[in-house]
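Asks: have a look; sequence and predicted model below, questions after that.
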Amino acid sequence: MDRRTYIKSAGAAGAGLALTGCLGGGGGGSETITIGSDIPYRPFEYETTDGELTGFDVDIAQAVFTDQLGYEHEFVQTSFDTIIPSLNNGNFRVIMSAMTINDERAEEVDFSDPYFTAYQTIVVREGSDISSKEDMAGVRVGVQKGTTGAGAAQELKEELGGDLEINEYDQIPDAFSALLNNQVDAVINDNTVSAEFVNGEGDGQVRFVEGEGAASEAGQEAPPYLTLTVENYGIAFRQDDDDLREEVNGALATIKENGTYDDIYSDYFAG
């Protein structure tokens, strides 16, 4: 699998889309599928030091759009809090950006079948006294704008009677930096992305808040830390792009059946 994928800015996407975006899929060929994505969001999409784009979503895109469907594909960097309007404005063809399927978003876009399950979790500094949701009362929490992490923080604020300060950041690394610099007391974010930080830059300085939560309540095999939500990721399409969405669903089913999905998963996630 060729993993040398590069990105272009959202501003440059329009011209290419004018040539390819109105096509309905069905045959690949010279068509390029442009993919809106918020980068960096390790391990789903992030750049190496030499500018190469890599990550779980990047490899799934290669397997689905190019290896299975025969399209060229290109990632278009865009801010997550404006990514759905950008899709519907024609800046790119699909969204692939660790995006959770939910009812609110489904009013504006159509989703593929789910391709990943994630959980919202809480990360705090190693010496923090926070060990439960109740301990979050009165603290400052960092989230990324427009994400389900921000939504989970808002729900927690309501549970705590409004006694929670939410600081929003354009990208999740900024929230993690704020945690290390004592500007917030916790970060709420997707578990796998938070795990990259906990085991990487924040190693020895931060930890997950442990305990049972939404995953165990839903009867799922829960990770070893508190889960605020259970979520499924999907690829998002404009609501008039049914042919491509059906093609992608078929390709997702194929890579799950033939072992490609498991191979990619094992490259990025333990277990």
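Replies: Looks like it arrived, so ask away. Numbers count the residues shown, from 1 in each chain.

Asks: wait, Ile130 touches Phe208, no?
Replies: No. Taking Cβ atoms under 8 Å as the contact criterion, Ile130 and Phe208 are not neighbours in contact, 10.6 Å apart. From N, CA and C alone the C-beta is placed, and that goes for glycine too.

Asks: anything in contact with each of these two?
Replies: Listed as contacting both Ile130 and Phe208 by Cβ atoms under 8 Å, 6 or more residues apart in numbering are Ile122.

Asks: which residue sits closest to Ile95, ignoring its sequence neighbours?
Replies: Spatial nearest neighbour of Ile95, excluding adjacent residues (Cβ to Cβ, 6 or more residues apart in numbering): Ala236 at 3.8 Å.

Asks: and for Thr121?
Replies: Asn191 (4.6 Å).

Asks: for that neighbour, give its distance to Ile35.
Replies: Taking Cβ to Cβ, to the nearest Å as the criterion, Asn191 is separated from Ile35 by 23 Å.

Asks: okay, stretch 123-131 in PDB with CA atoms only?
Replies: Once non-C-alpha atoms are left out, stretch 123-131 reads as follows in PDB (Å, rounded to 0.1, in the frame of the first residue of the first chain):
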ATOM      1  CA  VAL A 123      -7.200  13.400  30.400                       C
ATOM      2  CA  VAL A 124      -5.700  15.200  33.400                       C
ATOM      3  CA  ARG A 125      -2.300  16.000  34.700                       C
ATOM      4  CA  GLU A 126      -0.600  13.200  36.600                       C
ATOM      5  CA  GLY A 127      -0.900  14.900  40.000                       C
ATOM      6  CA  SER A 128      -4.500  15.900  39.600                       C
ATOM      7  CA  ASP A 129      -7.100  15.100  42.200                       C
ATOM      8  CA  ILE A 130      -9.700  14.400  39.500                       C
ATOM      9  CA  SER A 131     -10.800  10.800  39.600                       C
END
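
Asks: got a pLDDT number for the residue nearest to Ile95?
Replies: Ala236 carries a pLDDT value of 98.

Asks: hey, what's it bridged with?
Replies: With DSSP bridges applied, the residues forming beta bridges to Ala236 are Ile95, Phe111.

Asks: residues in contact with it?
Replies: Remark: with contacts taken as Cβ under 8 Å, 6+ apart, Ala236 is in contact with 84, 87, 94-96, 99, 105, 109-112.

Asks: which of those residues are buried?
Replies: For the contacts of Ala236, a neighbour count by 16 or more other Cβ atoms under 10 Å gives the buried set as 84, 87, 94-96, 99, 105, 109-112.

Asks: will you turn these into JSON lines that also has distance to Glu158 and pLDDT?
Replies: Compiled in JSON lines, these are given as follows (distance: Cβ to Cβ, whole Å; pLDDT from 0 to 100):
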{"residue": "Ile84", "distance to Glu158": "24", "pLDDT": "98"}
{"residue": "Leu87", "distance to Glu158": "29", "pLDDT": "98"}
{"residue": "Val94", "distance to Glu158": "33", "pLDDT": "98"}
{"residue": "Ile95", "distance to Glu158": "28", "pLDDT": "98"}
{"residue": "Met96", "distance to Glu158": "31", "pLDDT": "98"}
{"residue": "Met99", "distance to Glu158": "24", "pLDDT": "97"}
{"residue": "Arg105", "distance to Glu158": "20", "pLDDT": "97"}
{"residue": "Val109", "distance to Glu158": "26", "pLDDT": "98"}
{"residue": "Asp110", "distance to Glu158": "29", "pLDDT": "98"}
{"residue": "Phe111", "distance to Glu158": "26", "pLDDT": "98"}
{"residue": "Ser112", "distance to Glu158": "31", "pLDDT": "98"}
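
Asks: I figured Glu196 hits Arg42, correct?
Replies: Yes. Here Glu196 reaches Arg42: they are 4.8 Å apart, a contact under Cβ under 8 Å.

Asks: start to end distance for stretch 110-127?
Replies: From the first residue to the last, stretch 110-127 extends over 43 Å; the measure is Cα to Cα, to the nearest Å.

Asks: that stretch: how far from the chain's middle?
Replies: With Cα atoms, centre = their mean, to the nearest Å as the basis, the distance from the averaged C-alpha position of stretch 110-127 to the chain average is 8 Å.
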